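>>> below: sequence and its predicted model.
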Amino acid sequence: MARVLQSTAELGDLMAATFRDLDAAARDPGRRVAWCTSVGPAELLRAMGFEVFFPENHAAMLGASRRATEFIPRANAAGYSPDICSYLTSDIGAWLSGYCALSRPCPEITTVPRPDVLVYHTNQCRDVVDWFAYYARMFDVPLLGIASPRGVERVTRDLVDAVASQLRALVQPLEAIAGAPLDPDMLGATIAASRETSDLWRQVLGTAARRPSPLTFFDGCIHMGPAVVLRGDPRASAYYRRLLSELQAVVDQGGAAVPGERVRLYWEGMPIWGRLRDLSGRFADLGASVVASTYCSSWVFDALDPDAPFESMARASLELFITRTDPVKERILAAEAHRFGIQGFVFHEARTCPNNTNSRYGMPGRLEAATGLPALVLAGDLNDLRMFSDDTARLAIEAFIEQLHPAGAR
Ligand code: SF4
């Protein structure tokens, strides 16, 4: 079995404190809550005094606690297809069922924090628009957003300007809701804090380049919480400094996330939240360490620059892996494979998220031709466990590891 990092307990406390802050803000008439997409303009919102809630985080919590699948039919009955994003359907289904995933870590919280505004960014997909529009109607609050180009080959000046101008256009309506003007110094400080978190998170993920790796993709899915929900909040950087120091101590002592590591793999695509622990154990039992992923790296924003706030936020959002063309993605994956010394790719073909699935148009084959590294394609889903077969996945993983490293060849 993979071992558990000691920082996990502190992480739980930090996430619970974050949810309590949100709950308190939603109850306080003098404070404002904004809902934001996971790679949306959180820094701008935080700099304007909003507490920021991320529905995707809530949906991932539904998935990780294996409650998501039971709520999806409620959203289907309300007109949201079973084929669209299961974050959306499980989240709306939970809302319709009166269930809030925040009540697991914080039993006193019974509902998601009431928004004063919802702000989306379509850099990841269009589903977020419909998802947020649903709640804008439910709460009768404004819906704001940024329409971003997708399939980006080169991040050009024109594209950066187009997104930056949309970011600037958010300021006036947000000021009206916040009841105060944007303080440019506060925006700069928030972006600086977010960049620091991003740099630390990059270093945390980078420790997995060591052999054996002290960290797996499955650990990353848990420890990425602050990088997602506390962007621009100094508590995130403080947490990652401590996590980094724990990981460095593991490396110094020759420790490993997967004892007896004999195979190193890369995970491409969304996590299967309801099987995170099972898959972590399954790979570990086979001596396979899943050392890196595009998913966890999605919250590394190298472009953020407090001296060019709007342009750098725009550039960071356009440089995201999910927004790029297949040739760009393949170059990134090949470079990551080299950096982390992997022997194979695991592509998760998520049924309800074509936006973050890259196995449907021949990429695994092209990548193998370019790098010589084979790929396993696992059919499943981020939150809808009806799309995932434990037995099929188990057999496929065992056969793939055996192909990469026959059991007798230790
Ligand atoms: S990227 Fe995929 S999982 Fe995320 S909100 Fe869009 S469709 Fe859902």
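Okay, I see it. Numbers count the residues shown, from 1 in each chain.
>>> who in the stretch 251-400 of the chain is up against the ligand?
Contact residues (CB under 6 Å from any ligand atom) of the stretch 251-400 of the chain with the ligand: Met270, Cys353, Asn355, Asn356, Leu382. Yep, even glycine has a C-beta here, placed from its N, CA and C like the rest.
>>> list just the nearest of those residues to the ligand.
Checking these against the ligand with CB to the nearest ligand atom, the nearest one is Cys353 at 3.3 Å.
>>> could you check how many residues crowd around the closest one?
24 (other CB atoms under 10 Å).
>>> which parts of this structure belong to which domain?
What the record gives for the chain is the domain set 7-183, 186-404, from automatic domain parsing.
>>> near the ligand at all, the first one?
Translated: domain 7-183. Yes. Domain 7-183 comes into contact with the ligand (CB under 6 Å from any ligand atom), by way of Glu56, Cys85, Tyr87, Gln124, Cys125, Asp127, Val128.
>>> how far does stretch 13-23 sit from its chain's centre?
Relative to the chain's own centre, stretch 13-23 is displaced by 18 Å; criterion: CA atoms, centre = their mean, to the nearest Å.
>>> to clarify, my last question referred to stretch 328-338.
In this view, stretch 328-338 has its centroid 19 Å away from the chain centroid, taken as CA atoms, centre = their mean.
>>> what are the contacting residues of that stretch?
152-153, 266, 268, 292, 294, 297, 321, 324, 342, 345, 358, 363, 366-367, 370-371, 373 (CB atoms under 8 Å, 6 or more residues apart in numbering).
>>> between the residues of domain 7-183 next to the ligand, which sits nearest Leu244?
When the residues of domain 7-183 next to the ligand are ranked by distance to Leu244 (CB to CB), Glu56 comes first, at 24.9 Å.
>>> and that closest one, what pLDDT?
Per-residue pLDDT puts Glu56 at 98.
>>> tell me the secondary structure of it, please.
When classified by DSSP: H, G, I helix; E, B strand; the rest coil, Glu56 comes out as helix.
>>> so which bits of stretch 371-381 are buried?
Going by neighbour count (16 or more other CB atoms under 10 Å), the buried part of stretch 371-381 is Thr371, Leu373, Ala375, Leu376, Val377, Leu378, Ala379, Gly380, Asp381.
>>> what about the nearest residue in space to the fourth one that is not next to it in sequence, helix or strand, and which?
This means Leu376. Excluding its sequence neighbours, the residue lying closest to Leu376 (CB to CB, 6 or more residues apart in numbering) is Phe400, at 4.2 Å. Using DSSP states H and E, Phe400 maps to helix 390-404.
>>> need the residues that contact that helix.
263, 275, 278-279, 282-283, 286-288, 343-344, 346, 374, 376, 378-380.
>>> what of stretch 225-240?
So stretch 225-240 is contacted by 7, 10-11, 14-15, 18, 38, 42-43, 46-47, 52, 54, 56-57, 190-191, 193-194, 196-198, 200-201, 203-204, 299 (CB under 8 Å, 6+ apart).
>>> for the chain, which segments count as strands?
For the chain, the strands defined by DSSP state E occupy 32-36, 50-53, 117-121, 143-146, 263-268, 288-293, 344-350, 375-380.
>>> reformat the ones you listed as TSV; add mean pLDDT.
Listed next are the strands of the chain as TSV, based on pLDDT from 0 to 100:
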stretch	mean pLDDT
strand 32-36	98
strand 50-53	98
strand 117-121	98
strand 143-146	98
strand 263-268	98
strand 288-293	98
strand 344-350	98
strand 375-380	98
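>>> tell me the most buried of those?
Among those, strand 288-293 has the highest mean neighbour count (mean count of other CB atoms under 10 Å), at a mean of 28.
>>> so what are the sheet partners of that strand and their directions?
strand 263-268 (parallel) (DSSP bridges).
>>> next, the angle from the partner strand to strand 375-380.
50 degrees (axes from the mean of the first three to the mean of the last three CA atoms, to 10 degrees).
>>> residues in contact with strand 263-268?
Contacts for strand 263-268 (CB under 8 Å, 6+ apart): 211, 213, 217, 283, 286-295, 333, 336-337, 340-348, 358-359, 401, 404-405.
>>> what about the residue nearest to Leu376, neighbour count?
By the criterion of other CB under 10 Å, Phe400 has 22 neighbours.
>>> Pro214 versus the residue nearest to Arg242 when sequence neighbours are not counted, what's the distance?
Leaving aside its chain neighbours, Arg242 sits nearest to Ser7 (6.1 Å; criterion: CB to CB, 6+ apart). Remark: distance between Ser7 and Pro214 (CB to CB, to the nearest Å) = 12 Å.
>>> okay, these two: which has more neighbours?
Higher neighbour count among Ser7 and Pro214: Pro214, with 26 against 21, using other CB under 10 Å.
>>> report the rounded mean pLDDT for stretch 70-88.
Mean pLDDT, stretch 70-88: 98.
>>> centre of the chain to that stretch, how far?
On CA atoms, centre = their mean, the centre of stretch 70-88 falls 21 Å from that of its chain.
>>> any residues touching that stretch, and which ones?
55-56, 59-60, 62-63, 68, 89-94, 96-97, 99, 125, 127, 130-131, 351-353, 381-384.
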